[in-house]
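Peer 1: Generate coordinates for the sequence data below:
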Amino acid sequence: MPEEQLKTMTQSAVVIEYPPLETPEPLTSRMARLTILEPLAVTGGRGAQVVACTVESEAGQKRCEVVAKIYDPLYYSFPNKIAPSVPTDVCFYADVDYSREAAAYEYLQKAGQTGDFAPEYYGSWTFAIPIQHGGMTMLRPVRLVLIEWLKGPTILSLCLTPGGVQYDKVYRLEIMARIMDGIVRQRHIQINQRDESPRNIILTPQAADKLDAELPRYPRPVLIDYNIARVMEQTNYRKYFVNHPHHKLPCNPMEYFNAGSIWNEFEAWTPIEWLTNRELRTEWLISRFVDKNSSKYAPLKHYDDCPKLTPGASNGGGMSDRDSDTDSEYISCPLCKVQQVHARTRPSCQQERDDLDGGKSDRQA
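Peer 2: Alright, predicted model coming up:
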């Protein structure tokens with residue numbers, strides 16, 4: 001909506017004039033009764049409102065407790081947060097948040113990745129609520145999604161505990177490893193959540209039937225908030241994935257995160273000495289994802305000549321002519337400090353990360 005037009009309207013008028021974008025009718029319609037139990041994140045101007053609730057189907061099935069994320073433009077900030085004198089197209093942003101989040105959860109669900117690193121997903125819904133405007137009362141549609149109610153702290157809240165993080169290094173790094181594994185598995189199916197930060201990771205207790213009696217009881221880390229996520233298959237980046245076949249297994253976190261920005265995001269959760277000594281975190285990545293669990297991931301690409309990762313391998317002082325007839329680049333291996341040659345045309349996890357992160361400069365805070 002043009003800014004000049006927005007300046008002539010109230011937020012209520014905008015909401016009534018511009019209802020949510022219509023989507024194709026579902027093959028089968030469902031009705032349910034939603035009863036709010038408690039607010040989880042409810043503040044005027046914050047955007048989507050989050051509440052815990054019970055849901056009971058029209059058929060009278062057993063009620064279940066879930067979380068509803070409600071994209072009501074009336075609760076988005078009408079004044080621009082940076083320039084308050086400029087109004088915001090709240091209906092547009094509510095539609096964007098809803099469509100991205102619903103698309104991400106639907107895609108994750110089809111790939112069998114909800115209920116683990118992503119919350120269980122119970123569908124997208126529309127409900128009608130009354131609004132008074134111009135002396136009249138009318139109904140307006142509002143979108144929402146229903147997801148699993150995750151009862152646990154965020155990593156950010158644990159880091160902000162007075163006195164600092166109360167968990168030992170082994171515990172924190174186990175959680176970190178599970179987060180990294182979850183991220184590369186999402187990226188492998190072309191989902192980029194784009195905001196993997198401590199405030200968006202909830203640690204929820206594991207169900208008894210999912211615990212191994214011989215292992216320590218670690219909570220399940222769950223990544224939430226997909227309102228700026230990208231489903232790459234539904235973007236202009238889709239052509240890359242069509243024309244460049246990827247390995248059947250996800251990228252090894254060793255390759256994906258060794259030089260990634262995740263260490264800055266989780267600096268209060270990881271060992272403090274890692275901030276200034278990258279070799280320490282590299283050694284941990286090798287121990288966790290190469291020495292012990294490499295069969296779960298695609299073969300390493302950037303370090304495939306490194307004798308530290310491939311016993312018996314030699315790159316003859318760092319120069320190889322295996323790609324001499326291609327356009328090549330030279331990468332300094334952080335493990336053995338030797339220059340290695342790699343063809344730019346070879347697909348790699350770094351390429352996958354760069355393409356999935358395409359446009360990351362516009363990432364929202």
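Peer 1: need the strands for the stretch 1-150 of the chain, in chain order.
Peer 2: 32-41, 49-57, 64-71, 121-133, 136-148 (DSSP state E, counting those that start in this stretch).
Peer 1: Comparing those, which comes out most buried?
Peer 2: strand 64-71 (a mean of 21; mean count of other CB atoms under 10 Å). C-beta here means a position set from N, CA and C on the backbone, and glycine is covered the same way.
Peer 1: So what touches that strand?
Peer 2: 20, 34, 36-37, 40, 47-55, 94-95, 97-98, 101, 119, 122, 142-150 (CB atoms under 8 Å, 6 or more residues apart in numbering).
Peer 1: how far off strand 136-148 does it point, in degrees?
Peer 2: Interaxial angle of strand 64-71 relative to strand 136-148 (axes from the mean of the first three to the mean of the last three CA atoms, to 10 degrees): 130 degrees.
Peer 1: just for the stretch 151-300 of the chain, where's the confidence low?
Peer 2: 207-216, 239-245 (pLDDT under 70).
Peer 1: Okay, strands next: where are they in it?
Peer 2: Going by DSSP E, counting those that start in this stretch, the stretch 151-300 of the chain shows strands at 191-192, 201-204, 220-223, 230-231.
Peer 1: any idea which of those is most buried?
Peer 2: strand 191-192 (a mean of 26).
Peer 1: Following the record's annotation, map out the domains of this protein.
Peer 2: Annotated domains of the chain cover 3-148, 155-301+352-362 [automatic domain parsing].
Peer 1: for the shortest one, the distance to its chain's centre please.
Peer 2: Relative to its parent chain, domain 3-148 has a centroid offset of 19 Å by CA atoms, centre = their mean, to the nearest Å.
Peer 1: now do the same end-to-end measure for it.
Peer 2: 38 Å (CA to CA, to the nearest Å).
Peer 1: what do you get for stretch 43-51?
Peer 2: For stretch 43-51, the end-to-end distance is 11 Å (CA to CA).
Peer 1: Give me the distance between residue 200 and residue 291.
Peer 2: 30 Å (CB to CB, to the nearest Å).
Peer 1: So which of these two has more stuff around it?
Peer 2: residue 200 (17 against 11; other CB atoms under 10 Å).
Peer 1: Leaving out chain neighbours, which residue sits closest to the more buried one?
Peer 2: In space, and not counting its chain neighbours, residue 200 is closest to residue 225: 4.8 Å by CB to CB, 6 or more residues apart in numbering.
Peer 1: May I have the phi/psi pair for that neighbour?
Peer 2: Phi and psi for residue 225, reported as degrees, to the nearest 10, are phi 70, psi 90.
Peer 1: How much space separates it from residue 195?
Peer 2: 6 Å.
Peer 1: With residue 64 instead?
Peer 2: Taken as CB to CB, the span from residue 64 to residue 195 is 28 Å.
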